[in-house]
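J.: next input, structure requested:
(2 chains)
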Amino acid sequence: MRRNWYFLLPAVFTSIFWIYAFYLEFFNYPNYVFARFHLDPYRTAVIPGLITAIYVFFRTRAAGLKTPVVILLLLFCLVSIPSGLSAMGNVLARTALAARGPGYITAKAMDTAYGSDYKFLDFVQSYIKNPPGVKVAIPPMSLPWRHTGDTYMAASFLYPAVVTHMATGSAFIMISSEADGAGYRLWPDFSLPAKKIIIYDWVSGRGVEYPGRNWNPGEWQARHPWGLIIPRT
Amino acid sequence: MLNLFGFIALISLALPGFLLNRLIMGRRPVSVALALSWLSGSLLMTLLIYFYNYYLGGALNLAVIWGIYSVSALVLFFLNRHWEFGLPDFSFKRHRFLVLILSFILIGEITSCFYPVTDWDAVTLYDFRARIMLHTGDIKTALAWVNMPGYPMYTSLLHYWVYANGLWTAMPVYPLFTFSLAAGIYFLFRRFNRPGISALVSLACILAPKVFENSFIAYTNLPYAVFLILGAVYIFFWTRTKYFPDLLMGLIFSLATFWVRLFPFALVSLTLMLLALPLIRKNAKILAVLAFIMFFVICFIPAIRPVAGYLKWAVYQYYLPYTVIFAGLFIYGLFNRRADWYWPLFYTGCSLVLLIGTYIFSRQIPGYYQGIPDAVRRMTIFINLPVIWFAAGLLEKAKP
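T.: Numbers count the residues shown, from 1 in each chain, chains lettered A, B, ... in the order given. This next block holds a predicted model:
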C-alpha cells in the first residue's frame, strides 16, 4: 500500500508540472517552453504517463486483473495521459486568455495566424466602403506577397469587393510592401496615372491621402509603403 | 445579449436532434438520444436550410431559419407523440467520470465564444461562405463567389446559423463535436460495460492524436471524424444485434460524412454491413488477414510505392504508437477466439481507401500531395479510434 504512494505522489506532481508547461506553451506561442526553458513538453510528457503507468501496474496487479487488461491500461497511461495533460494546459490557457476579453484574443489570434497584415486588409476593406462588385487589384499570388497577394484570403477580407490580379479596369490597386518568405519587392512595380494615392499609417491605422499624384514606384521604394491607388481612367 | 441568444440558438439545435433520435431509437434509453441530439439536430437543420434555399429558392434570414426550425421540431414532436417523455434516468454519481469529461469540454466550449475564426481554410471558404449567405441570403451566390464550390455546405451552414442568430464567432460550434463524440461513445460503449471503463474508452477517443485540438480549429476534419466513427460504431452494433434502429443511425451518420467532406471512408463502414451475413461473419478473421495482405501487396506495386512510402511517413509513423498497438492487437486477435474483426477490417479498409485515394490524387496533381502532410494527418484523425475500439473490445463483458 505504501508503495502506491511512492508512485502516486510523483505522478500527481509531474502531471501538474507538465500541465503548467503546456499552459505556458498555449498561453504564449508555439515552442515557447522550449525557447525559454529548453524543455520540449510534447516529447517529455510521457514521463508523468510512465510514472502513472507504474502506479497503475501495482494497483491492477494487486486487484488481480487479467494481463491483457493490465497491458491496455498501461498503454492508456503511456499514450493518453500526455495528450490529456496537453489538453488540460490548452483549456487552462484558453480560460486565462478569455478572461482578458475577445478584443485581446482576436488581436492575438489574428496576429499569430497572419502577422499584422490583417490590420492592413481591414483598413482596405473599410476604406473602399463596400460598394458590391468594386474591383480591387492585388499583388501576384506569389512570394513575397504571402497574404496581400493571396486571392482567397484577400477575397474573404475585402468582401463584397471583387479581387483581381489585373490592374487594368480596377477601381483600386493595392500597394504592398509585404516581404514574407522572399526579399522585399514593392508592388505595383510599374508606374501608372492616379487620381489619388492613399498610404496606410501603421501607427494610427488611418490612410494619408496624396491627391493628384501619379504612382511611380521609384519614388516610394525606400519608404516601404502600404496603401491604395485610385487609378485615373 | 445578442451573443447569449446566439449561443443558446446554437445549443438549441439539440431539440430537433433529440426528437429525431428518439423517433429512430424508439424505446432505447433516452441517454444516447440526448448525447447525440446536437449532432443529429445540426445535421437535420443544415440539410433543411440547404433544401429550402437551394431547391425551393426561398431567401434565408433569421425569421425563415427559425420557421424551418419550428416546423421541423413540431413535426418531429407530433411523430413522437406515442413515446413517453420523462427525464432521463441519469445519476451524476454513477456517471461522475463522464460528467467530469464533459465539464472539461464545456469549459473549452465557453472559451471558444471569445475566439475569432482564423484558420486559413475557414477564413477563405467555410466561414467566408457563411458571411456571404448572411449578406445575400442565398447559398448559390455564396457557392458562385468562392473559388472552391465543390465542398459540401455543412459547416458553412452551421456558421451561418450562429451568425444569423447574433453570435460574433462560429468557434463554439466545434467543441460540440468533441462533446457529442465523448458522450456518444460513452453511452454506446456503456451498453456492454461498466461506467468507469466506458469513461476510459470515451476519454481515450477524445485524447487520440489531433482529436481534442481540432475542437478549437474551424475545419471540417473533426465533424467528419465524429460522423464517421459514430456511424461505424452503430453499424458495428447492428452487425452483432441486428437491431434495426442501430442500422438506421449507422446509415444516417455514415452518409452524413458526405455532407461534411467528400472523402470516401464511409464506404468502408457501409461495406462492413456485410458482416451481418453469417457466412461473412464466420470468415471475418480470414477476410481481415486477406485485407491486410492485400494492403501490403498494393503498397509494393511500383506505381503506388512512392505514395505508400509517403503515407508511411506522413500518417502511420506520425500516429505511432497507435500503428504498433494495432499490429500487436491484430496478432493477439489471431489467437483470441473472442476477438471481433469488425474494427481491424475497418482500419485496414480505411488504410486501403487512403492509399488508393492518395494515389489517384497524386495522378491528378503530381507531386502536390507530398507538400501537404499536415492535411493528410488532419484528414485521418479518425484512424486511431478503431484501434481504441478494437482494444476496448477485449474488455467486453457481455454482448450488447
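
J.: helices along chain A, start to end?
T.: Listed in chain order, the helices of chain A (DSSP state H) span A:2-27, A:32-37, A:41-44, A:46-63, A:67-98, A:102-114, A:117-128, A:151-158, A:217-220.

J.: would you list the ones you listed in JSON lines and tack on mean neighbour count and mean pLDDT?
T.: The way it works is simple: take the backbone N, C-alpha and C, and place the C-beta from them, glycine included. Output for the helices of chain A, formatted as JSON lines (neighbours: other C-beta atoms under 10 Å in any protein chain shown; pLDDT from 0 to 100):
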{"stretch": "helix A:2-27", "mean neighbour count": "17", "mean pLDDT": "88"}
{"stretch": "helix A:32-37", "mean neighbour count": "14", "mean pLDDT": "93"}
{"stretch": "helix A:41-44", "mean neighbour count": "16", "mean pLDDT": "92"}
{"stretch": "helix A:46-63", "mean neighbour count": "18", "mean pLDDT": "89"}
{"stretch": "helix A:67-98", "mean neighbour count": "20", "mean pLDDT": "92"}
{"stretch": "helix A:102-114", "mean neighbour count": "16", "mean pLDDT": "85"}
{"stretch": "helix A:117-128", "mean neighbour count": "19", "mean pLDDT": "89"}
{"stretch": "helix A:151-158", "mean neighbour count": "21", "mean pLDDT": "91"}
{"stretch": "helix A:217-220", "mean neighbour count": "14", "mean pLDDT": "88"}
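
J.: residue A:133 contacts residue A:159, correct?
T.: No: look at residue A:133 against residue A:159 with C-beta atoms under 8 Å: they stay out of range, at 10.8 Å.

J.: give me the more crowded residue out of the two.
T.: More crowded of residue A:133 and residue A:159, by other C-beta atoms under 10 Å in any protein chain shown: residue A:159, with 18 against 8.

J.: check that one and give its pLDDT.
T.: Looking at residue A:159, its pLDDT stands at 89.

J.: cool, residue A:207 as well?
T.: For residue A:207, the predicted pLDDT is 87.

J.: okay, now it: neighbour count?
T.: 19.

J.: contacting residues around it?
T.: A:123, A:127, A:198, A:199, A:200, A:201, A:227, A:228 (C-beta atoms under 8 Å, 6 or more residues apart in numbering or on different chains).

J.: quick check: residues of chain A near chain B?
T.: Within chain A, the positions adjacent to chain B are A:68-69, A:72, A:75-76, A:78-80, A:83-84, A:86-88, A:90-91, A:94-95, A:97-98, A:101-102, A:105-106, A:109-110, A:112-114, A:150-153, A:155-157, A:159-160 by C-beta under 8 Å from any C-beta of the partner chain.

J.: what does stretch B:106-115 contact?
T.: A:90-91, A:94-95, A:97-98, A:101-102, A:105-106, A:109, B:3, B:7, B:167, B:169, B:171-172, B:174-176, B:178-179, B:215-216.

J.: would you mind writing the CA trace of that stretch as PDB?
T.: Listed in PDB are the C-alpha atoms of stretch B:106-115, where the atom choice follows Å, rounded to 0.1, in the frame of the first residue of the first chain:
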ATOM      1  CA  LEU B 106     -17.800  22.600 -21.800                       C
ATOM      2  CA  ILE B 107     -15.100  24.900 -20.400                       C
ATOM      3  CA  GLY B 108     -13.400  24.700 -23.800                       C
ATOM      4  CA  GLU B 109     -16.800  25.500 -25.400                       C
ATOM      5  CA  ILE B 110     -17.200  28.600 -23.300                       C
ATOM      6  CA  THR B 111     -13.700  29.900 -24.000                       C
ATOM      7  CA  SER B 112     -14.400  29.400 -27.700                       C
ATOM      8  CA  CYS B 113     -17.000  32.200 -27.500                       C
ATOM      9  CA  PHE B 114     -14.100  34.600 -27.200                       C
ATOM     10  CA  TYR B 115     -12.000  33.400 -30.200                       C
END
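
J.: name the SS class of the residue of chain B most remote from its centre, please.
T.: No residue in chain B sits farther from the centre than residue B:302, which is 34.2 Å out by C-alpha atoms, centre = their mean. The three-state assignment at residue B:302 reads coil, by DSSP: H, G, I helix; E, B strand; the rest coil.
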